[in-house]
Structure formats: C-alpha cells, structure tokens
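Q: here is my input, please return the structure:
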Amino acid sequence: MIYFFGAISSKVFALETSTKLEKSTTEKLVWLFDQSPLIDQETINQNFIGPRATMITPWSTNAVEICQNMGIHGIKRIESFQPYNDASGFDPMLNQKFELLNQIIFEINIKPEPILSVEDIRTFNEKEGLALNEEEIIYLDELAKKLDRPLTDSEVFGFSQVNSEHCRHKIFNGTFVIDGKEMSQSLFQLIKKTSKENPNTIVSAYKDNVAFIEGPEIEQFAPKEAHVPSAYEKTKVQSVISIKAETHNFPTTVEPFNGAATGSGGEIRDRMAGGQGSLPLAGTAVYMTPYSRVNDNRKWENAFEARPWRYQTPFDILIKASNGASDFGNKFGQPLINGSLFTFEHQEGQMKWGYDKVIMLAGGIGSGIHKQAIKQKPKKGDLIVILGGDNYRIGMGGAAVSSANTGSFNNAIELNAVQRSNPEMQKRVANTVRALVESGNNPIVSIHDHGAGGHLNCLSELVEENGGEIAIDQLPIGDLYPIG
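A: Coordinates of the predicted model:
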C-alpha cells in the first residue's frame, strides 16, 4: 500500500508500506516530513517527476532506516516527487515523468526474456552494440558450426564483454610496431617492466584490482563486534598501502556527471576489492578535454574550429564531471584531495588531434592488512555473494560499448552503458567489507569489483580457476533499457 504526504503544488512524499498505517504512526510521519499532511490519492491529478520504479534512491534507503530507528516498521520505500511542467528539466538517467501518482508507481513488471538463439551474429552485434570486430564474428560463426547449434544471446553477449578492449586490453597486449619494426615487448609488458626489475617494497601489482606496497605497522581502531553496538579496540597490524588509477573516458563523455561520479566510485571499489578486502582513504581526479572555449580572448583556441559535440560541450563536461566526481566522494565519505586538468587540440598537416573522447582518470590511495593483500584460491563449497543494488544492462556488461568509438551506436545504447551513481549503497557495501577486514578473522577468500564488464566479467574472473555455479536468476532486476 502506498500513502502520500506533502503538498501537491510543491513536493509529495510517496511511502510504500506492507501494513496499514495507524494514527500514531501517521502522526510520526507527518512530523518526519516537516509537518507535511497525509494527502488523499484522488486529489493528485497532475504530472510529477521522480525516481524510476526500478532504482531505489540513496535518499530512500536512509529515510527507511530513519523510520526503523523511530520504531516505525513495515516501511519498504519512501521517495519524493516534484510537480512537472514542460519547461522543467530532469535527468532521464535517474528520473522519469509520472502522469499521476497512484498505487502502481513502484511496481516493477520486468521479466527475464527467454533464451534467444542467434542465427545472424553480425546483425545481433549491430542491434545490441556489442562492438564485435570482423575476426570475432567469424570466430563465433565457426564456433556455432563446431557445436552444431546456434549460439545463445547470453553466450554472444558474454563473449563480447569478456573479450572487449575494456576487459582484455587487446591494444596494450597486442603486437607493438614502430616504424614498421615489430618490438620484442608489448605496451603492457613495457609498463610492467619497471616493477618487475625493481620490485622493492611491492607486495602485489598488475594482478589484482589494485596494487599494494608494504606499509608500516599501524594501530587499528575498530569495533570488537561490527554487526552489533560494540566497544572499540586497538590492535597492531602490519599494513599495506593501496595505489590505484583507472580511466572512465566513455561514460564521462556521454553523461559527464554520472560518468565521472561512477569513475570515482569504480576506482574506490577497486581499492575495496584488493586481495581479501581493503579500505579506501582518499581520491584524485584528472580531466582531459578539447579546448573549453570559456571566453573569446583565447586566440590559441580560436585557431582550431569547434566541432558539433554529440552529447556535451567541453565546457559543460568540465563542470559536470568535476561536480560528479566530488559528489560521489562527498556522499560516500572519501575526500577528493587533488587533481589536474588538460585541454588539447592540434593540427599537424591534414591531421587534426584532440581529446574529443574525453579522458577522466580517477585515482586514489588506501590501506589494508598485509596478510590479506593476496587473494586466496576459491574451493568447492565456498559461497559466491553479490553485494549492492539492482541489476541493469551495465550490470551485465557495458564494456563492449565503452570500448568502441563514441557515436558508434545510437544514444539509447550508449546511455545504457553508463553506470548509475549510488554512493550510499556503495558505502553500505564498504562498511560490510571493512567490518570483515578488521574482524581479525576475515571470511573473504577472494573479492572482485563489478565494473563495466559487470557480472559476466567479474564472476568469471572470480571463479576462473575452479569454476562455479551462479544463480543469476536470483538477481534483482532493474531497468534493462531505461533510456528511450
């Protein structure tokens, strides 16, 4: 049952509950909503904007918890809705338009589609934006012939994610040719060469979500029991320091605020998912765009013509990306302590160069416990636990789209490859990981971050050595195609 509080002309709170509200409970809620009265649903007959049914907001999660602490039980969800007119704008990544507010605004009727046999892989590739190249399409066609059956949609989709440039780094691991001469080492081998020849205090590098170096002996100050109110204790532990940086270029180009926010959030998750779990401390951010063209007196910018930007201007990207990265850190509880900005456009003969596909580089440092810095090998009987929110297309895999040139696919496919920013949910996951890391008896064997590769990449890497059974039909389903 859904109850409505507030004023139709300004703001309405929709509250979903499993039980009928008693008078005393209603009075508490009126006070909680700043003296907003209970509204008769029949009087609500205008347009509103509010969160999608399939995406519970961080605000809702906190509001429900406040109700529980007030002794109000049975509350499932609380969201706020604003009156809408055509002159109003809203973020379609997170919100939608409601013609009226009623008892079905939180209903989710999305059902998993039946397994589809893919007879024409080339057409399926173009339709779904899987970014398969010609060699990969031929390989899959030959595989189907070898198996004597068509491949399923999940098999083709899965292959496109785990074999994408984003996940496999085919360019960096590929043959490196300079002036027609093949080099003895790939780009990735050259990058790894320094740490290989000079390991010094490196504990782990290039084989986990994050790198660790040896740290000092520190005094851990943590609750004796993390799952109940408990006294804090001091424990001396040998630490490691985590160091991480990764790009979030495509999402920041397409949707700068959410793209940069989830860039910072994804980098934080990488530091959480090092070894058997570790703790994030502070972050950095670097932005690289074409010339911003803030004003007309910059002669060097006027010498290079502006392009018709597909999604956002460089100026808008810089503002929104910076806001997004800072917003995630602030809400999660990790400070963004420094960063830098580069703009670049250049013409050399007939060739024109520029950061038209924006570069957003998120980085950070953290800490962990030395004896937990290396992942252990999962064994038969271990449980696979997934923490976090609902599952979207990006949660199954968005790596293929982000590996292609921006504009290669239609707007709907590209927007659906942008992760949803949910720092409050991530903070809850971080609190869980922290409690286990600091417990003195960490049950985590191996932990992995869900990035653009989603379940398809993350879970396959997690159980790569021994295999595993994933109950994927038990995952809560969010919008598969929220942007139309």
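
Q: gap between the closest residue to residue 124 other than its chain neighbours and residue 444?
A: Sequence neighbours aside, residue 118 is the residue nearest to residue 124 in space, at 4.8 Å (criterion: C-beta to C-beta, 6 or more residues apart in numbering). Glycine gets a C-beta too; all of them are placed from N, C-alpha and C. For residue 118, the distance to residue 444 equals 37 Å [C-beta to C-beta, to the nearest Å].

Q: ok, now residue 473?
A: Taken as C-beta to C-beta, the span from residue 473 to residue 444 is 25 Å.

Q: those two - which one has more neighbours?
A: residue 444 (17 against 7; other C-beta atoms under 10 Å).

Q: where does this protein have its least confident helix or strand?
A: helix 411-415 (a mean of 59; mean pLDDT, DSSP states H and E).

Q: same for the helix or strand following that helix, what does it pack against?
A: Sequence-wise, the next helix or strand downstream of helix 411-415 (DSSP states H and E) is helix 423-437. Judged by 3 or more C-beta pairs under 8 Å, 6 or more residues apart in numbering; DSSP states H and E, helix 423-437 is in contact with helix 58-69, helix 256-272, strand 279-289, helix 314-332.

Q: repeat that with 10 Å
A: The contact analysis (3 or more C-beta pairs under 10 Å, 6 or more residues apart in numbering; DSSP states H and E) places helix 423-437 against helix 58-69, strand 211-223, helix 256-272, strand 279-289, helix 314-332, strand 359-369.

Q: strands paired with the last one, and their directions?
A: The reference is to strand 359-369. Strand pairing for strand 359-369, using DSSP bridges, gives strand 232-247 (antiparallel), strand 279-289 (antiparallel).

Q: just to revisit the earlier point, what's the most buried one of the helices and strands packed on helix 423-437?
A: When you average the neighbours per residue for each of the helices and strands packed on helix 423-437 (mean count of other C-beta atoms under 10 Å), helix 256-272 leads with a mean of 27.

Q: that helix - contacts with which helices or strands?
A: Using 3+ C-beta pairs under 10 Å, 6+ apart, helix 256-272 sits against strand 211-223, strand 232-247, helix 249-254, strand 279-289, helix 314-332, strand 359-369, helix 423-437.

Q: and those, which one averages the lowest pLDDT?
A: For those, mean pLDDT drops lowest on helix 249-254, to a mean of 86.

Q: thinking residue 4 is in contact with residue 39, fair?
A: Yes. With contact defined as C-beta atoms under 10 Å, residue 4 counts as touching residue 39 (4.3 Å).

Q: name the residues contacting each of these two.
A: Common contact partners of residue 4 and residue 39 (C-beta atoms under 10 Å, 6 or more residues apart in numbering): 12-14, 101.

Q: chain neighbours aside, what residue packs nearest to residue 253?
A: residue 358 (4.3 Å).

Q: near that neighbour, how many other residues are there?
A: Neighbours of residue 358 using other C-beta under 10 Å come to 27.

Q: can you get me a residue count around residue 173?
A: 12.

Q: if you go through the stretch 101-250 of the chain in chain order, where are the helices?
A: 121-128, 134-147, 153-162, 165-168, 170-173, 187-197, 249-254 (DSSP state H, counting those that start in this stretch).

Q: most packed of those?
A: helix 249-254 (a mean of 26).

Q: so where's the stretch 251-400 of the chain uncertain?
A: 393-400 (pLDDT under 70).

Q: please apply the same query to the stretch 51-200 of the chain.
A: For the stretch 51-200 of the chain (pLDDT under 70), the answer is 86-88, 93.
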